[in-house]
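> mind looking at a prediction? Sequence and model below.
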Amino acid sequence: MFTLAWWWMLAVLPLPWLVRRLLPADALDRDAALKAPVAAEFADLVGVLAPDVRRRVRLAVLAGVWILAVAAAARPQFVGEPVSLPMTGRDLLLSVDLSGSMEEQDFQINGQWVDRLTALKSVATDFIDRRVGDRIGLILFGREAYLQAPLTFDRATVSTLLDESVIGLAGKETAIGDSIGLAIRTLDDAGIEAGRRVVLLLTDGANTAGAVDPIKAAELAAQRKVVIYTIGIGADSLTVRSLFGERQINPSADLDEEALTAIADMTGGRYFRARDTAEFAEIYTILDALEPAESDERGFRPVNELFYWPLGLAVVLALGAAVAAFAAARFEWPRAAPRGLEHG
């Protein structure tokens, strides 16, 4: 369906005619210190078109430019068929740790050892794709916390931004408290008080940077009714080879499970432990059950703006008229000049 968003702009269409009819004409023969010649004064020097015909053509061009400009200002639009959009009323923020310890290769995908961030991406992307109806956002944190993607229904963009993240992008340390504080501020700025607000915090360490204590940040989140689910990432044991043979180490020795559990409990969430990709996938399945994506459907009609078509035509027409006028003055004036200077 074609429509004009600002149809009332059409009221200015007769404005040039009204100005011409109501305002007195300006005298061309008045004295002036500097008088710029106009096309009408050289009518007898140009033999291509009669003066009256040139005047009518010029007025027609100017009228066309004006009509097209007003049509563009009225914002023509094409409104498409109604589209159903699932809506849950839930805002979901993923807060992902990019600290240096995420480089630890203690996860396996298809039989190959990969770092923790790669494993996180492989599972989180599917989780994001399933969250139909949620507004999804992305926070990346290390020594600093950054809002990488504001809350949006565009799940594909959030997945792309997560996939493009790299370890160390936000620093090598871990600012868990700052990431929670940024999540709270982002959800507050979203302006939806009635909906459910959820943060999914994924980290493999303890708070080693930032100005905000994680427990204090969790207390504030509880006051703002923000639910935080925490996921501790990393294997419990890993076999490594050295000069003295194989030995078992705990690559997750720095993981502060006590703090992550307290953060989740204080906000009404839950703490999960991801030791391998299978547990990662299971955690996201549980989260789907805890925070179901079932929703009501709300309709909207896609709108395509068309104003640039009349605006572009107006610019082309105006430029064409200007070029034509310049060309006429450039090539016809020298030929007629001797007639005008014969009394000089």
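Nice, I can see it. Residues are numbered from 1 along each chain as shown.
> quick one: contacts for residue 184?
217, 220-221, 224, 226 (CB atoms under 8 Å, 6 or more residues apart in numbering). All C-beta atoms are positioned from the backbone trio N, CA, C, and that covers glycine.
> which secondary structure element contains it?
Residue 184 is part of helix 176-190, with elements assigned from DSSP states H and E.
> show me what counts as buried in that helix.
Using 16 or more other CB atoms under 10 Å as the test for burial, helix 176-190 gives 176-184, 186-187, 190.
> any idea which of those is closest to residue 76?
residue 190 (32.5 Å; CB to CB).
> wait, isn't that closest one in contact with residue 90?
No. With contact defined as CB atoms under 8 Å, residue 190 does not count as touching residue 90 (11.0 Å).
> quick check: neighbours shared by the two?
Common neighbours of residue 190 and residue 90 (CB under 8 Å, 6+ apart) are 135, 197.
> how far off centre is stretch 217-229?
How far stretch 217-229 lies from its chain's middle: 27 Å, per CA atoms, centre = their mean, to the nearest Å.
> one step back: just the buried residues of helix 176-190: which has the poorest pLDDT?
For the buried residues of helix 176-190, the minimum pLDDT belongs to residue 190; the value there is 77.
> what's near enough to touch that one?
Contacts of residue 190 by CB under 8 Å, 6+ apart are 91, 135, 151, 197.
> whichever strand or helix holds residue 232 vs helix 176-190, what angle?
Using DSSP H and E, the element containing residue 232 is strand 226-233. On the basis of axes from the mean of the first three to the mean of the last three CA atoms, to 10 degrees, strand 226-233 is oriented at 140 degrees to helix 176-190.
> strand partners of strand 226-233, parallel vs antiparallel please.
strand 196-203 (parallel), strand 271-274 (parallel) (DSSP bridges).
> show the subsequent helix or strand relative to the helix or strand where residue 148 lies.
Applying DSSP H and E as the criterion places residue 148 in strand 145-152. Next along the chain after strand 145-152, taking DSSP H and E as the criterion, comes helix 155-164.
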